[in-house]
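Engineer: With the input below, show me the fold.
(6 chains)
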Amino acid sequence: MIEHFTKGLFKENPIFIIVLGLCPTLAVSTQVVNALGMGAGVIFVLLGSNFFVSLLRNFIPEKIRIPSYIVIIASFVTMVDLFMQAYAPTLSKNLGVFVQLIVVNCIILGRAEAFAKNHTVSESVLDALGMGIGFTLGLLLISLIREVLGAGTITLFPFGNFDGVIRIPVIYNAPIRVIGLATGALLVIGYLKGFFDWMAIRKKKREIEKRVSAVKV
Amino acid sequence: MKELKTFPKGGVHPRDHKELTNSIPIRNAPVPSVAVIAMGQHLGSPAKCLVEKGDTVTEGMLIGESSGFISANVHSSIPGKVSKIDRVFLPNGLNSEAIFVELEGEFERSGKEVTRTEWREKTPQELLEMVKEKGIVGMGGATFPTHVKYTVKKGMRVEYFVVNGVECEPYLTADHRLMLEKTDEILEGIEIIRKILNPEKIMIGIEINKPDAIEIMERRIGERGLDFHVIPLKMKYPQGDEKQLLKALTGREVPSGGLPLDIGAVVSNVGTVFSIYEAVVHGKPLIERIVTVTGGAINHPANLKVRIGTRIGDLIDECGGFKETPLKIIAGGPMMGFAQVNLDSPVTKGVSGIIALPREEVKIPRKTPCIQCGKCIRVCPMGLSPTRLYKWIDHQHYEEAVKEGLMDCKECGCCGYVCPAGIPLVQGMRVGKYYARKKKV
Amino acid sequence: MSMEKTEQLLVTTSPHLHDRMTTSRIMWTVTLCLLPAGIWGIYVFGIYSLAVLASSIGASLATEFVITKLQGQDTLYDGSAFLTGLLIGYNMPPSIPLYIPVIGSIFAIAVVKHTFGGLGSNWMNPALAGRVFVMFSWTGPMTTWLVPRTRGIADAVTGASPLGFLKTGLMTFSGKVSGPLDFMARKGYPFTSSDLKVTEWLNEHVLSLWGGHMQNGYVDLFLGNIPGSIGEVSALLLLLGAVYLFAKKIITWEIPVSYLGSFGFLVWMLGGLRYGAGLFHGDVLFHLLSGGLILGAFYMATDMVTSPLTGKGQIIYGIGIGFFTYLIRFFGAFPEGVSLSIILMNIVVPMINRYAQPVLFGRVREARK
Amino acid sequence: MTYVGIIITFVFINNFILTQFLGLCPFIGVSRQMEPAVGMGFAVIFVMSLASLITWMIYTWILIPLGIAYLQTITFILVIAALVQLVEMTIQKTAPPLYKALGIYLPLITTNCAVLGIALIAVRSNYNAMESFVAGFSAGVGFMLALVLMASIREKLDTEWVPKPFRGVPIAFVTAGLMALAFMAFDKALLRNLIG
Amino acid sequence: MKGIVVTGAKLFLICAIAASVLGFVNAVTEPVIRQRKIRELKEALESLIPEGEVGKLVKVENNDVVKGYYPVKKDGKLFAYILDLRGNGYGGELKILAGFKGNGEIVNVKLMDNEETPGLGKKAEKPEYMKKFIGTGGTKPVPVRKDMLSRKDADAVTGASITFMGIANALAEGSEFAKKLGGKS
Amino acid sequence: MNLIKVLYAFLSVSGLGIILGLGLAYASKIFAVKKNEKQEALENSLPGLNCGACGYAGCPAYAEAIASGQDEDLTKCSPGGEATAEKLAELMGVKLEVTMEKMVAQVHCRGGKETSKYMFEYTGVRDCNAAYAMFQGDKVCKFSCLGLGSCIKVCPVDAIDYDSEGLVWVDKEMCIGCEKCVEVCPTGAMQMIPYSADYIVACNSTDKGGAVRKYCSVGCIACKICEKKSPEGGFKVENFLSKIDYSFKGERVSAADACPTKCIIKNEPHPKKK
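Structural biologist: Here you go, the predicted model:
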């Protein structure tokens, strides 16, 4: 049961392993705070949609499967959008059209289609949580790299005297600005994905070696 | 001065080194004590062995029979006894069944008075039959059975017969010497072929680096009152290839996958023409050929008349052995020939030269990544993109390679010659063709 | 006798003859041809520019070394990494902080070249991609130029490059002059005394024979007496090197001619408009001599790895670069645009290679009589 | 903005894939080979032009008058989903070979953020009907341009020895990143200077 | 046929529920959003000229740069104007609010909505960026070119000169507009 | 709370929903495309490797052939093995009679750089068939593994890799038995053996013992010691080469230990250094 939750974190991390939901990932990963906001939005929508899709899985006919899922997802997205506009206006402005685009984030429809459609409600919720958190972690990693290198800052929430921006000493004065732009986003995810693939290859090799040595003994 | 003819696209100009042997007359190589006569020394299916171990054979006796449509007869080059039948490596690196004939008994033909057949009284069909019977194959190196080439399908008309005296491969001078020394025989050979094929026009293409051959050919044609055209050509490799030669002489392109006959032409090498002369006029099968033995590692380079089946090593001994240790020994021309692993391979009908190169004459290309300079594309006479083909093949996309014309490649070696990255392009093409044929794409 | 041979024979496939040109020879020849222009750059911009070149080359070689070591290859000495580093250095302003060329080189070698599999596998010119990367990252330092010492001014004075001067000047300009040099003269862009003298001499003794007249400024541009990147200023020395490359057949005519031709044509046709000089009055010579165009056309666009394979393709490629250079130089945010146009066309090269292939022999069937 | 301006903006300057990251999933998925890339490109152009026009109509004639503009997301996506499914069924019936080539990619268009993206962006930019259509069309063209160029590069990379961990998706991203770097040549200053 | 009806009905049901829920959510959030927007504008206006009292927006037609102005009163007397300006930035339109005295002198500037590049043009959102304009427009001209700035300021705008010129030109235009308004309200 | 607006929302979205729902349902009727469900099911139960071991161009083609009744042999899919065959049989409603023993490939040669002699140094294209066209490879032994890895390239599942001696070795756990490597191997050193095979004779040379001894120190010299050590069967020396009779299930350890050239080796995952 618990593996429905944990698999989303690393083994099937939606961003790095199954490469889904990239559009918002890249576009909003300029600042850490955006990544967190986006992540929260996605977790909420994912939870909602997985819950309802799994709940209604026997009610929805096959033919209108996709439209129904989309309606469910779109409703949650609209809620997120409205709440964000009302209570987190800066974030809403930063994320722009990408909040609405959560609707078409492949990971949400993908989970509905691949998981929630034929799993129980509790399993689906766990899956949504795992995937959502995995997504947020991935987004966080990308945005951290991009913001630190591309702007020399880490932007969090302001509170008290702290304006919410951590400035990295040397880089802040002459950041590698391209990393903060489109190019940087694509390169960063390319290299991260390459790194994860490399890890996977290495793991496989290790397994084989292990088996070999086991046979030898 | 009038611009000399040549083919328009591609080609290279390697240094030709012909000065080593082009002034040395042809002489007879010694008769081998054992002749190793391969059954598969021509293009197509190997001949069927007609003798058994212990049989006695005579000079010129038919010992291997043509076994298919594209195949040729094989004759014993010396009289003797079959000591064994075994598989051997031919100079081209392939493995073939071969008959080992140990020299024994008398020569029936050599040293005897020559008889002349009155070929003019025979029909073209009879002449063609003689060509087939005597095992004549293309002597330029491709060893395509000549009788097949001369079999004109119904409805086809031979407009041009082209005698190939180009000899564009560096180092080789066998054809050159043959043209100088056997001019009359060659011209008579052409007349025989004219009777067989009945072409409208006969052209003799010779590269301009053989002015004496051009001169003597023209003179003798004039003296004999023939209407053959000797056409001097610009020096460019691979002009000796049928397709390039026809393009240069007639301006026509042999269609992809087609034969010269498709554009109404037949091409034969001067060596082939001479063999046809001997076969028809003297009834002599193809048991001898001219081989240029040359290269910087040879003591006394020479043009030798060699009996088929003589070991390569014997020829080198005849030329005074090695001046210095050779690094590479090539059977055939340096552009399309085959490197030898030892000196044991027997001379076959297709071996036009033996080239022994010392270390300093061999450039060992170090293979580095392709830098896409496109030189191979510029020199490819067939309009291929060798670098692209090589990459497709390297990554096993054989269908793509075939789509881009892989099968048109004739392995002339221009691409490999210019490649600055030392990539074995030609071998790559061979591998590609092998797999493409195997997969039938 | 023949058995006396002791060594094993070398067995390879045909052809057994090879041309003398090798990859590393090509790389080092190009490097050699580039050197004079670089030495001129070091001479006019001071010894610091040598440090810039050294750091870009050093970083490039070091990156190459580390990566090839990890992959177990050995391509450090083939000259390609050195050439990449050199070109990055050549494209840097002389007063650049050293970390910029270093990062540019690392980006070029590690990301643009080796991520794709190393020499020959990359589809984008590493040197130019490296340059554009740092250009967009540190635009300020990358557009700050030094005045050459040959202009008789004390060391380390910054000044505008001719194109940069024009770009900012033209933003608020709406008048009529005969062309860029006229515009610069009126706005007080200084020409050196040597330029004035040579121009005067040429006008009097050479051009007058054909009734021609040359404006001041071209000589400065031609000799490299202007602020600019270290290696791009001296058109003369770059052209000399290019002549050698042509002679060695390392570069062919297609790319430079189609590039300079299409760019020149566009400038001639439309380049006069912004000065109020009208159609077909553009100053082609000025634009050909400024902003690294010579360096780009002869040394960077012709990079074998990232240019099309066939002559046909190379002409399309050259025309494309010419068009984009014109577009970016005259309308874009940056004054020059050679590097950007080349890497833009690099994207299209695989497509060009796919379609601009030579005609296969014998595929056009000729009708028999 | 003029139509030319819209076209230049969406094809080059705000290229959906290379600067806006819209439609990345199908971009990475379908750019492996040339032929599907071309087919997908045309499909996307078709759907995007149509979708941006229809969503504009719904927005202007239904949502705005009723004061329920906040429902744009849900209505737009519904319309797009239905549209794609209709297109899918139509070509499956009328052009089976095309369906075979694009089969699995058509459903991807539904969840292609580029389609919803252009609808939302057109609305945000206050375009009129024709402008919306042109924007949709040119965004589709921009998508196809990037897709086809990418496919040609990836076909080339298919014949290179790309380091093993980078083969496939990672190298596609790095390639796209470098393409984006070059596309930075097309900036807004260029557009403004060109069309004033 | 029955299948079609059932299918349609089910989709209808889902849509209906979704729409109703959203309608309620909107009903809750809409006033919050509207009020927040009003408050934000008010805060921006007040921060521009804190000592004054900002009046109602007067719309300006047929002007590319000045879209409207708010008269500012101090002690009941007309004291300054806050202009709603539009400039051409690198990423598109720049929305600028700027306070002018009657003689065209710039009191304070604030860059509102924009799509400038983060790290480059976006820098202009910071209050210290605008310092170079404050005080100009009256006796001193608004610096519209880089060479009119001090060396330090000029370096700071390098790399984002289009944003700088977009703002500067809008401000110069605004200054002229404020001069024309003079003391009128 | 503005109820009228909620009503609008309700009406418009649900209206859209009903229109689209009906429309799609209707359209799916008009545009319905007949699909062969059986074929699809067959395709789904095949492994989807498209390796071609069945002799068809990929799994869909095989599925089509079965579905259309052209091919009645359901055991052609060697990657899927018995399990797939059973699934196919179930779908087709036939009873599967033959049970398949999974076959895997293995290289029958251990002659590496140190242990065997070479005729020349091969430098060309790294492909076994390319090398084979030149005097049948660079080794003196014409039956051996050329070590250029053509089998590695064609293996669809990466089961083959170089080992520390520059020769190839098949991991029998990963091998799916598609026989592509056997097809591509020019010397015939790659051969199929049953998955259960515990030992292999790692030599393919049919040269006489004396000849083998000259060029390879780990080749089979046809000494017949293995036959003697395993008298009930299990080994058979034919044509100067020892072959294992895999139908014999007895022990082979003593024979392997006794082999003077140690060419009878265990078929197990092999150490991979490269």
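Engineer: quick one: secondary structure of the nearest residue to residue D:11 once chain neighbours are set aside?
Structural biologist: Computed as CB to CB, 6 or more residues apart in numbering or on different chains, the closest residue to residue D:11 that is not its neighbour in sequence is residue D:142, at 4.2 Å. For the C-beta atoms, the positions are set from N, CA and C on the backbone; glycine is no exception. Here residue D:142 takes the helix state, with states given by DSSP: H, G, I helix; E, B strand; the rest coil.
Engineer: can you tell me which helix or strand residue B:356 belongs to?
Structural biologist: strand B:353-358 (DSSP states H and E).
Engineer: Name every strand pairing with that strand and say which way it goes.
Structural biologist: strand B:288-294 (parallel), strand B:326-331 (antiparallel) (DSSP bridges).
Engineer: Take those strands and lay them out in CSV including mean pLDDT.
Structural biologist: Shown next, in CSV, are these (pLDDT from 0 to 100):
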stretch, mean pLDDT
strand B:288-294, 94
strand B:326-331, 92
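Engineer: Does whatever helix or strand comes next after the strand holding residue B:356 reach chain D?
Structural biologist: Heading C-terminal from strand B:353-358, the first helix or strand you meet, by DSSP H and E, is helix B:375-379. No. Remark: helix B:375-379 sits outside contact range of chain D, by CB under 8 Å from any CB of the partner chain, the gap being at least 15.0 Å.
Engineer: where do the strands sit along chain A?
Structural biologist: Per DSSP state E, chain A has strands spanning A:153-155, A:165-167. These are given in chain order.
Engineer: Turn the strands paired with strand B:353-358 into JSON lines, columns for distance to residue A:80 and mean neighbour count.
Structural biologist: JSON lines is the format used below for the strands paired with strand B:353-358 (distance: least, CB to CB, whole Å; neighbours: other CB atoms under 10 Å in any protein chain shown):
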{"stretch": "strand B:288-294", "distance to residue A:80": "85", "mean neighbour count": "26"}
{"stretch": "strand B:326-331", "distance to residue A:80": "75", "mean neighbour count": "25"}
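Engineer: could you dump those to a markdown table with distance to residue C:58?
Structural biologist: A markdown table is the format used below for the strands paired with strand B:353-358 (distance: least, CB to CB, whole Å):
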| stretch | distance to residue C:58 |
| --- | --- |
| strand B:288-294 | 51 |
| strand B:326-331 | 40 |
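Engineer: Go through those and name the closest to residue B:69.
Structural biologist: Smallest distance to residue B:69 across the strands paired with strand B:353-358 (CB to CB): 24.0 Å, for strand B:288-294.
Engineer: Show me what counts as buried in the next helix or strand after that closest one.
Structural biologist: Downstream of strand B:288-294, the next assigned helix or strand under DSSP H and E is strand B:302-307. Of the residues in strand B:302-307, B:302, B:303, B:304, B:306, B:307 count as buried by neighbour count, 16 or more other CB atoms under 10 Å in any protein chain shown.
Engineer: cool, stretch C:231-245 as well?
Structural biologist: For stretch C:231-245, burial by neighbour count (16+ other CB under 10 Å) applies to C:231, C:232, C:233, C:234, C:235, C:236, C:237, C:238, C:241, C:242, C:245.
Engineer: any residue of it up close to chain B?
Structural biologist: No. Using CB under 8 Å from any CB, stretch C:231-245 never reaches chain B; the gap is at least 12.6 Å.
Engineer: got a pLDDT number for residue D:113?
Structural biologist: With respect to pLDDT, residue D:113 scores 80.
Engineer: Kindly report the same for residue B:366.
Structural biologist: Reported pLDDT for residue B:366: 85.
Engineer: low pLDDT regions in chain E?
Structural biologist: Within chain E, the segments meeting pLDDT under 70 span E:1-3, E:90-91, E:117-120, E:146-147, E:151, E:154-156, E:158-160, E:183-185.
Engineer: what about the helices in it?
Structural biologist: Counting by DSSP state H, the segments of chain E that form helices are E:2-48, E:151-157, E:161-181.
Engineer: ok, the most centrally placed residue in chain A - contacts?
Structural biologist: Residue closest to the mean C-alpha point of chain A, counted by CA atoms, centre = their mean, is residue A:135 at 2.3 Å. By CB atoms under 8 Å, 6 or more residues apart in numbering or on different chains, the contact list for residue A:135 reads A:8, A:13, A:14, A:15, A:21, A:25, A:39, A:42, A:43, A:46, A:107.
Engineer: Out of those, name the ones that lie in helices.
Structural biologist: Of the contacts of residue A:135, the ones assigned to helices by DSSP H are A:8, A:25, A:39, A:42, A:43, A:46, A:107.
Engineer: Which pLDDT does the model give the second one?
Structural biologist: Looking at residue A:25, its pLDDT stands at 72.
Engineer: Could you check how many residues crowd around residue B:206?
Structural biologist: Counted by other CB atoms under 10 Å in any protein chain shown, the residues lying close to residue B:206 total 25.
Engineer: Check the secondary structure at it for me.
Structural biologist: Taking three-state DSSP as the rule, one finds residue B:206 in the strand state.
Engineer: Which residue is the nearest non-sequential neighbour of it?
Structural biologist: That would be residue B:165: by CB to CB, 6+ apart, it lies 4.2 Å from residue B:206.
Engineer: The one you found touches residue B:175, doesn't it?
Structural biologist: Yes. Taking contacts as CB atoms under 8 Å, residue B:165 lies within contact range of residue B:175: 5.8 Å.
Engineer: What is the neighbour count of residue 40?
Structural biologist: Using chain A here. Neighbour count for residue A:40, taken as other CB under 10 Å: 16.
Engineer: hmm, I had chain D in mind actually
Structural biologist: Residue D:40 has 27 neighbouring residues, counting by other CB under 10 Å.
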